[in-house]
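*Asks:* Kindly generate the corresponding structure for this input.
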Amino acid sequence: MAAPGHVVVWDPLVRIFHWGTVVLFMADYWLLEAGEAPHDWAGYALAALLAVRIVWGFAGPPNARFATFWPTPARLRRHWLRLRTRSVDPREGHNPVGALMILSLMALLAITAVSGWMQGLDRFWGEDWVQRLHQYSANAIMVLVVVHVAGVLVVSRIAGFSLIRAMISGRRPLPANPALVSGSDADKPK
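*Replies:* All right, here's what the predicted structure looks like:
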């Protein structure tokens, strides 16, 4: 239930996926030794979270569904225009630029998880290309994480509310001035 003056944008499963991925990926990348059991198990847990999130992207509530935030050219143009006028809809889940980031991170997580799993198979044991793919995709995720956090901070400043706080609580504040809420229901993706 949203507090007065707030709107619920993120369901618990989306938030668990987000923060679980943050914790597991950072632990795997920075703390856990590659090739050891804890690193492998964290990778399997990441793969499981990703699989659940993909299913939730088709079966979950509207803001969790890929169809709602798929980054079409029209949605990207509308988003850039809204940012220029600082008219961000607090009811919106992932904006189209954020959607590009989320989809890129999810694809790289899948590549990292599969290539990590492949390293344990007899067929691919010691294959340099599999090891490089695993390493390069994990490094690419880390670069995108930095870009993602920077983007979240910039959009939070433009929007006037904390996207980080919203991903923790699941709620965003409604603006005091309703004219700042962009778009009507006709603008919302179906």
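*Asks:* C-alpha from now on. contacts and neighbour counts both.
*Replies:* OK.
*Asks:* Mind pulling the model confidence for residue 186?
*Replies:* Looking at residue 186, its pLDDT reads 35.
*Asks:* Equivalent analysis for the one 4 residues further on, please.
*Replies:* Among the per-residue scores, residue 190 shows a pLDDT of 39.
*Asks:* what does residue 179 give?
*Replies:* For residue 179, the predicted pLDDT is 52.
*Asks:* mind listing the helices for this protein?
*Replies:* Under the criterion DSSP state H, the chain contains helices at 12-26, 37-59, 66-69, 73-84, 96-118, 128-159, 163-169.
*Asks:* Just give me the residue closest to the centre of this protein.
*Replies:* residue 102 (3.9 Å; CA atoms, centre = their mean).
*Asks:* Now tabulate the helices of the chain in JSON lines and tack on mean pLDDT.
*Replies:* Shown next, in JSON lines, are those (pLDDT from 0 to 100):
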{"stretch": "helix 12-26", "mean pLDDT": "98"}
{"stretch": "helix 37-59", "mean pLDDT": "98"}
{"stretch": "helix 66-69", "mean pLDDT": "94"}
{"stretch": "helix 73-84", "mean pLDDT": "90"}
{"stretch": "helix 96-118", "mean pLDDT": "96"}
{"stretch": "helix 128-159", "mean pLDDT": "95"}
{"stretch": "helix 163-169", "mean pLDDT": "95"}
